[in-house]
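Colleague: the sequence isn't on hand, but the structure is:
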Ligand SMILES: Cc1ncc(C[n+]2csc(CCOP(=O)(O)OP(=O)(O)O)c2C)c(N)n1
Ligand SMILES: Cc1ncc(C[n+]2csc(CCOP(=O)(O)OP(=O)(O)O)c2C)c(N)n1
Ligand SMILES: [Mg+2]
Ligand SMILES: [Mg+2]
């Protein structure tokens, strides 16, 4: 099924399993959300559990906090990545800190769903990659899915998790199909997963860039280069063990992200592994990111988002080191 | 004079030099701000130029944007670092993007003053280090001062700059005295400055941590270790050239910051220099940060903020590499 | 203005109605020119919709149904006033003189702006709901400091009225007595959410709670919109402070071309509003009261047609920008990291595999 | 409630006054117990101020002058109701049963919280202005879903009333008809900013613009505060929706112990309010109307004294927490980066140079 459908099914399962689970967001009721992720859920679970919210992101998150204090688990949908910023204070000052402030009494078991990254030819504010802001913030957890199977299971794992989870969904992959194993999740919510094995260089990516890197790996294979592609999945915490193990084998690290480079998740991965794998790295930990500019008009977004070619260029660079 | 006084004098000069310069913030008028940075300025320049703002940070920044569109240069005071988040959307979606969106027609020549970092025994939300959020954001510039002389000149340079500048002031240093050279600035607004020369390891810091690192360097000197201490000053852009030059000499890099480690400015510096100075680094680029926890109750903040001892411990670690 | 009924000067049937406080100051030629504006912006809107259908635009946000609200308010502006739109104010942009093709650049996704806001004294489309209202108040504070005889007008919707930034802009406008007019186009819907989700009482009341006047106008009555807007702008320029105008209107089309209204609203509702069409009533008035001849209407239609064809031509001629332009105007002065990106992309385009 | 004058049942001189809508339901013993509460919280507040002066607290935010607003509202609560304070609601905390020493932990900077909010059904101090109002509305939405017979009360100031979050909480409370009572303590000042900077009209009017009742009460009249709060809470529990209560009162002391009011306000103003003291008027009433004897007042004073001494003892006994506790409860389940920090600090404390 598609990732969009997998998320819909995952949310349905979550609503069925636990009466305390609520969904809240703009247009998620009758419309089923602008991406139809919540299609049909209000009809089946009622307006009290699938809540069309008035138009204010800070209030959506702030009331979800209050609902958490009352024992509810609210899955918040932020309509597009670029509209999460009005809720930033509630997320950083309250969602991230209330479990600590209350010495563990308040459980902030809420999920903030963020359709993120670009590539859909949208207008401004609809293609952002704000994950670094949340990865920097202590008290939050951040994950990104990249396949329908992960979407289906990770959303359920996120809802069940007692910590607040920023759930990043690569909207450009919503309509791509993939197998969903209904028996059970094969990985923990924060585990990095090796998507393709290789020996020459380790390529770490997440969200939309996983597929881009897998494509690059295929081309590279044709050129006699074997890339190991890792889907980070967990961004906070990061599964550095899995990445380090791969680097011990390959001796080279590429981090590929759609976000701008400065003080980004890519910076964190490169810095952390650069420190940890100092002796095994034969080439500098190298980042492939978007550029330090606002997301451009989508007519030229393909030049902004890391492409297969840019990844391969970076591979060329790291392979030059003996 | 003290850094607080230097900022006051610098703002006074800015108000004198350009009639379009305004100050806006909470309690900055009669009270002169909770830190007295604007003491006496409303009395001398009037309520139309030194504006006591109603209590809403998003509106303070949002109206400063409108004033910029009308040709004014507003210096916004955010009372404490922890209260900048309600303005995050205006800063990230508007301040950072309007120059681009208008193809250069709108000049966002505004300054957002942020008393930041901890160490003053305050209650929650009064000791945060949010700089990474802004360093990650394309369209913004970010600087941090660490001495009265820099405070005096950098605030004037920031006001004159046509780009929006997030101006970080280490509040724990407000009352420390230093010489102010009234003749002219000795450095550009974004230049990193070598505060102490050394040959064994390069220590990069900014804001409050510069003094901490200089103290550490003295102790280290007593132990026969020569540390080169660099005050980054510019956080966006970073003056990597100055840092790289130092690393070529020392072969070792320590980055010290008061912010939590994940996806931080320290991560960026370590990642960027790790890549750039791959051959000259004899030890892994090492970060000394606060911890991945919300800012703790100030009774124990000294254990949270990097101390001279923690810096020296890290020096020991990097010196172990031959 | 506490009266709960809306200000109306012209019925859907084109009959004039008396109002205790407002009266039409317009003559035949002006009313005809308002008619012309409305017909043109609707025609251009429809052209844009079909351009989007044909894949020439990434998206389009139709204004259909809101022509009177926008032309009425827009025509009330003085050239020196400044306006802050949301993303659906094509009618306002038209009255400000923004070339239609420039309005479409953002929807063709070749830019995030589209025109020189200082030249037309019309700011750029603001997509983040409500953000522009604070810019408007700040700009108005600048007008006050300049002692200029100018007013500022900003636009937002029934949905945006729930945003903290919009509500803070009310606090500020009142506190600083800023020369700003808030035009809330209540088109009954925020994508799929009815206005009743945002408020249980008429939205114009909100202004009273902040200490300035609010008035509800028949947003499909261009004569009423014009008079109410004109007075509010005069009030602002005279130093009497802000006004909130709730233009009670309807979004006849989809929210945008990517929206499917059949999922959340019934045709019957749309039908009711079709009978309140803002253009037909003016035409009826012009015919009955001023005996405007068929030919005049045909001329307007023809002119609209020509403009629509011109717009299509212009849009088809709009190329994608050079990718390297993404690095321009990010900063007023070069930023090392941005310039590094420029060099990297330049190399990729030439030397690289790309 | 559109009436512009404030609800008052007891004059500053301790005379009862009639009010068309509200009447006292309280007898001698209850009024005496209200008096007791007010005397105690004031005494504890003064003790806290001197503890801060003596360096035992990092900061203190005095409630002096607002005792009636808080005790009146607090005593109107049912045990099952839930309250969301700002940072000055020591009187509310007292009525909820929070031990005084726990209220001071945050000000001794040994914690960012201080008590178990579920145990006392009183949430934690919220320093970021206005954030708690949305939590209150969300909690109230939970109450609705549970079908519980409970109300929620939240507190904020005249300054905070300008924050977008507070205004959005009005939108939400109205839209969902949430069982919440907003108590706005208008103590005339936001640090150095007079309430007139936040609004030009009485703040309780704001509620009307959002579609729910607002009422202004003499916040120094504990009888009026109690009756108005009680009715608003009943209204909320009955499903009739939210109410905004503006408690018109005064901050007699400094904003906090780090503030210097002489820089921005004149003593004369403080003097005027000293004559409106919330405690003296109740004492006068108790003496005149109920012949309460001197001895009773002495008992209350003695009890307050004992509690103050106890508080001092408890505060002095409060040690700094173990630095390693900063890693506890950051997450409900271990987070690799946080645990790495715990190990690093543990080593520093033992092995390291520290
Ligand atoms: C802060 C923010 N949140 C969400 C959106 C997504 N969005 C775009 S338009 C819209 C509905 C706006 O409705 P309204 O304010 O009534 O204006 P209208 O579209 O009816 O003209 C939404 C939810 C946005 N643009 N900004
Ligand atoms: C978002 C935010 N901005 C600024 C501050 C700093 N601050 C703390 S209290 C205060 C004044 C609040 O006044 P008011 O709301 O009237 O409450 P009062 O102190 O009078 O009880 C300010 C500006 C803050 N805590 N939060
Ligand atoms: Mg609408
Ligand atoms: Mg106050």
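Modeller: Sure thing, it's come through. The structure presented is a predicted model; accordingly, all values stated were derived computationally and were not measured. Ligands and ions are numbered 1, 2, ... in the order given.
Colleague: in chain C, which spans are helices?
Modeller: Applying DSSP state H to chain C gives helices spanning C:28-53, C:67-75, C:90-95, C:100-105, C:117-120, C:131-146, C:164-175, C:195-198, C:205-210, C:222-237, C:267-274, C:278-290, C:294-316, C:336-350.
Colleague: which secondary structure elements does the fourth one contact?
Modeller: Contacts defined by 3 or more C-beta pairs under 8 Å, 6 or more residues apart in numbering or on different chains; DSSP states H and E place helix C:100-105 against helix C:28-53, helix C:90-95, helix C:294-316. For every residue, glycine as well, the C-beta is placed using N, CA and C.
Colleague: what's in contact with it?
Modeller: C:44, C:48, C:51, C:57, C:90, C:93-94, C:111, C:113-115, C:307, C:310-311, C:314-315, C:318 (C-beta atoms under 8 Å, 6 or more residues apart in numbering or on different chains).
Colleague: residue of chain A nearest ligand 3, please.
Modeller: Of all residues in chain A, the one sitting closest to ligand 3 is residue A:55 (9.3 Å; C-beta to the ion).
Colleague: and that residue, what does it touch?
Modeller: A:26, C:129, C:159, C:160, C:161, C:162, C:163, C:190, C:193, C:198.
Colleague: is it correct that the last one is in contact with residue D:175?
Modeller: Yes - counting by C-beta atoms under 8 Å, residue C:198 does reach residue D:175; the two are 6.7 Å apart.
Colleague: shared neighbours, those two?
Modeller: Both residue C:198 and residue D:175 are in contact with residue A:54, where contact means C-beta under 8 Å, 6+ apart.
Colleague: just to revisit the earlier point, is it possible to export the helices of chain C to a markdown table including mean pLDDT, mean neighbour count and distance to residue B:246?
Modeller: Below are those laid out as a markdown table (pLDDT from 0 to 100; neighbours: other C-beta atoms under 10 Å in any protein chain shown; distance: least, C-beta to C-beta, whole Å):
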| stretch | mean pLDDT | mean neighbour count | distance to residue B:246 |
| --- | --- | --- | --- |
| helix C:28-53 | 98 | 20 | 55 |
| helix C:67-75 | 98 | 30 | 59 |
| helix C:90-95 | 98 | 25 | 53 |
| helix C:100-105 | 98 | 21 | 47 |
| helix C:117-120 | 98 | 17 | 45 |
| helix C:131-146 | 98 | 27 | 42 |
| helix C:164-175 | 98 | 28 | 44 |
| helix C:195-198 | 98 | 18 | 57 |
| helix C:205-210 | 98 | 23 | 56 |
| helix C:222-237 | 98 | 24 | 57 |
| helix C:267-274 | 96 | 12 | 69 |
| helix C:278-290 | 98 | 19 | 69 |
| helix C:294-316 | 98 | 15 | 54 |
| helix C:336-350 | 95 | 16 | 17 |
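Colleague: closest one to residue A:268 among these?
Modeller: In terms of C-beta to C-beta, the element of those nearest to residue A:268 is helix C:336-350, at 16.9 Å.
Colleague: what's in contact with that closest one?
Modeller: A:261-262, A:291-293, A:303, A:309-310, A:313, B:138, B:236-238, B:240, C:323-324, C:326-327, C:330-331, C:354.
Colleague: what of stretch A:29-38?
Modeller: A:4, A:7-8, A:11, A:23, A:25, A:27-28, A:39-42, A:47, A:50-52, A:77, A:79-80, A:113, A:115, A:169, A:171, A:174, C:191-192, C:258-260, C:263-264.
Colleague: out of the contacts of residue A:55, which is most surrounded?
Modeller: Ranked by neighbour count (other C-beta atoms under 10 Å in any protein chain shown), the contacts of residue A:55 have residue C:163 at the top, with 31 neighbours.
Colleague: hmm, back to that, of the contacts of residue A:55, which are in range of ligand 1?
Modeller: Counting by C-beta under 6 Å from any ligand atom, A:26, C:129, C:159, C:160, C:190 from the contacts of residue A:55 sit close to ligand 1.
Colleague: could you measure the second one against residue C:60, distance?
Modeller: What it means is residue C:129. Distance of residue C:129 to residue C:60, given as C-beta to C-beta, to the nearest Å: 18 Å.
Colleague: now do the fourth one
Modeller: When C-beta to C-beta is the yardstick, residue C:160 and residue C:60 sit 19 Å from each other.
Colleague: before we move on, what about the third one?
Modeller: Relative to residue C:60, residue C:159 is positioned 18 Å away (C-beta to C-beta).
Colleague: you'd agree residue C:78 is up against residue C:148?
Modeller: No - using C-beta under 8 Å, residue C:78 is not in contact with residue C:148; the gap is 11.0 Å.
Colleague: how about the contacts made by residue A:274?
Modeller: Each residue near residue A:274 by C-beta under 8 Å, 6+ apart is listed here: A:253, A:281, A:284, A:285, B:270, B:271, B:274, B:284, B:285.
Colleague: which of the residues you listed are buried, as a PyMOL select command?
Modeller: Buried members of those can be picked out in PyMOL with the line below, counting by 16 or more other C-beta atoms under 10 Å in any protein chain shown:
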select buried, (chain A and resi 253+281+284+285) or (chain B and resi 270+271+274+284+285)
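Colleague: from the contacts of residue A:274, which land in strands?
Modeller: Within the contacts of residue A:274, residues falling in strands by DSSP state E are residue A:253.
Colleague: want to throw the contacts of residue A:274 into a markdown table with pLDDT and distance to residue B:193?
Modeller: Converted to a markdown table, the contacts of residue A:274 look like this (pLDDT from 0 to 100; distance: C-beta to C-beta, whole Å):
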| residue | pLDDT | distance to residue B:193 |
| --- | --- | --- |
| A:253 | 98 | 32 |
| A:281 | 98 | 31 |
| A:284 | 98 | 26 |
| A:285 | 98 | 28 |
| B:270 | 98 | 20 |
| B:271 | 98 | 22 |
| B:274 | 98 | 22 |
| B:284 | 98 | 25 |
| B:285 | 98 | 20 |
